[in-house]
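[1] Fold the stuff below for me.
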Amino acid sequence: MNVFQTQVRPLPVADRWCVMAYYSLSPYAPDKSGRLLMAGADLDRGVGEVLVLDADRKVVDRFGSVPVTPSFWHTGLWQSWSRDGRYVYYQSGTHREPRVVRRTLSTGQESEVAGDMEGICPAGEPGVACAHGMLYAAGYGSGHYRPELSPFPFQSRDAHGMWNVSFDPPTSRLVLSTQQILDSHPHRDRLLEADREIAARLGPGEGLTLMTYCVRWNNEGSRCLFYFGNHCVDRSRGEPRLAYVFTADRDLRDIRLALDFGFGRYGVHWSWQPDNERLIGYGPDPDHPGRTCLAEVRYDGSGYRRLSGHASGGHPSVSPIDDDLIVTDEGGVGHGNVLFLSRRTGEEIARIALPKNTGVPERGQRDATRVCHHPAFSPTGDRVLCNTLPGRHATCAEILIA
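    Predicted coordinates:
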């Protein structure tokens with residue numbers, strides 16, 4: 001495959017600020033119809049909707065009228081396909097009172113359940129979700145700790161964690177709490193010691209802002225990964241950054257600690273590779289202590305190794321048809337870049353500059369002035385979908401690979 005022969009194909013939608021769901025969730029319909037899912041915001045009204053595009057990239061359906069939250073500028077409404085392409089699931093409500101909607105595309109009928117989601121499991125219902133709004137209440141997207149926006153008090157660790165979400169009948173049930181994960185955590189004693197230090201300094205009722213977040217499924221839906229920690233907690237709280245990547249089977253029973261990014265170890269953006277066994281992301285460089293690298297690990301935590309010295313902390317994924325081909329992204333002066341890397345050599349193969357902000361300095365905020373490219377391979381491997389921001393309205397674009 002010669003990835004130097006690429007073509008960028010923008011997919012603008014009139015008067016809409018468009019973004020796809022997270023790169024680890026395929027926006028391409030599983031029924032091979034060529035349809036594509038996006039979310040689009042009306043900037044003047046502050047309302048978001050789901051958009052369905054056909055194989056010719058024309059909008060053929062649109063639905064939902066959801067007030068835009070900070071999360072929208074990052075991942076839209078987490079719009080995702082059912083495994084047969086009959087339904088589309090999407091977020092509704094607010095961070096504090098989230099709802100999940102399932103829409104039957106052929107009839108327009110919708111069902112709704114209290115709860116949250118970050119995409120449905122590729123194997124179908126039930127979905128597994130965390131309280132997405134807790135990330136933003138902790139400080140993600142703003143840098144400010146705002147516990148009043150959280151659907152649950154952070155210290156009520158028996159009340160939040162991971163839920164099963166299904167629609168026949170509509171059900172949302174907590175199946176694994178944050179407290180249960182803490183109780184069985186390999187680093188439990190050290191975490192509790194840090195918890196006591198925070199409580200002693202910030203006062204009664206305080207502690208680490210522990211939560212679960214970022215459920216990501218492998219392609220066949222047999223396993224998921226999820227994070228446990230405090231992610232982008234407000235630095236003014238003085239908490240150590242804690243991020244542990246666990247994997248679990250479909251029933252959340254075979255739970256393994258795959259990656260440890262707590263107490264000074266840095267790592268971000270881990271997701272599954274097409275073989276459904278290995279994870280890829282950024283973490284400590286085993287060959288150069290103190291540096292970050294692109295790396296992989298098996299779901300049980302074995303086999304951690306460096307793939308490339310590339311250290312942007314972007315969003316990497318692997319081609320479904322070429323195990324050597326990796327795509328990731330990075331920022332840049334005045335724009336960002338989508339990069340293709342070789343697993344075999346670790347070297348850069350191609351680099352494509354794409355706009356990712358409106359010129360406003362990026363400070364980690366989540367608003368309409370910036371996007372993350374989030375490059376995602378199509379199931380056929382002949383294209384990569386990513387977000388761009390060429391002007392007032394963000395636009396998804398396909399990079400066609402010859």
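
[2] Tell me where the model's unsure across the protein.
    1-4, 333 (pLDDT under 70).

[3] can you do 50?
    Scanning the chain for pLDDT under 50 picks out the ranges 1-2.

[4] the helices in it, which residues?
    Counting by DSSP state H, one finds helices in the chain at the ranges 72-75, 133-138, 178-183, 188-202.

[5] Pick the most deeply packed of the ones you listed.
    Highest mean neighbour count of the helices of the chain: helix 133-138, a mean of 25 (counted as mean count of other Cβ atoms under 10 Å). To be clear about C-beta, it is placed using only N, CA and C from the backbone, and glycine gets the same treatment.

[6] quick revisit: how about the helices of the chain in JSON lines, adding distance to Arg57?
    As requested, the helices of the chain are arranged in JSON lines below (distance: least, Cβ to Cβ, whole Å):
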{"stretch": "helix 72-75", "distance to Arg57": "21"}
{"stretch": "helix 133-138", "distance to Arg57": "31"}
{"stretch": "helix 178-183", "distance to Arg57": "42"}
{"stretch": "helix 188-202", "distance to Arg57": "48"}
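
[7] Out of the ones you listed, which gets nearest to Asp234?
    Nearest to Asp234 among the helices of the chain is helix 133-138 (7.0 Å), distances taken as Cβ to Cβ.

[8] In terms of secondary structure, what does the closest one contact?
    Where contact means 3 or more Cβ pairs under 8 Å, 6 or more residues apart in numbering; DSSP states H and E, helix 133-138 is packed against strand 211-217.

[9] partners of the strand it packs on in the sheet?
    Note on strand 211-217: by DSSP bridges, its sheet partners are strand 223-229 (antiparallel).

[10] residues contacting the closest residue to Glu362 other than its chain neighbours?
    Spatial nearest neighbour of Glu362, chain neighbours left out: Arg370 (5.3 Å); criterion: Cβ to Cβ, 6 or more residues apart in numbering. With contact taken as Cβ atoms under 8 Å, 6 or more residues apart in numbering, Arg370 is in contact with Trp73, Lys356, Asn357, Thr358, Val360, Glu362, Leu389.

[11] Could you point out which of the helices of the chain sits nearest Glu220?
    Closest among the helices of the chain, using Cβ to Cβ: helix 72-75, at 22.4 Å.

[12] residues contacting Pro122?
    Per Cβ under 8 Å, 6+ apart, neighbours of Pro122: Pro30, Arg83, Trp217, Asn218, Asn219, Glu220, Gly221.

[13] In contact with the closest residue to it other than its chain neighbours, which residues are there?
    Excluding the flanking residues, the one nearest Pro122 by Cβ to Cβ, 6+ apart is Gly221, at 3.9 Å. Neighbouring residues of Gly221 by Cβ under 8 Å, 6+ apart: Arg83, Cys121, Pro122, Ala123, Gly124, Arg250.

[14] Report how many residues lie close to the closest residue to Arg201 other than its chain neighbours.
    Nearest non-adjacent residue to Arg201, counting by Cβ to Cβ, 6+ apart: Gly238, 6.8 Å away. Residues near Gly238, counting by other Cβ atoms under 10 Å, number 11.

[15] any idea how far stretch 382-389 is from the chain center?
    Between the centre of stretch 382-389 and the centre of its chain there are 16 Å (Cα atoms, centre = their mean, to the nearest Å).
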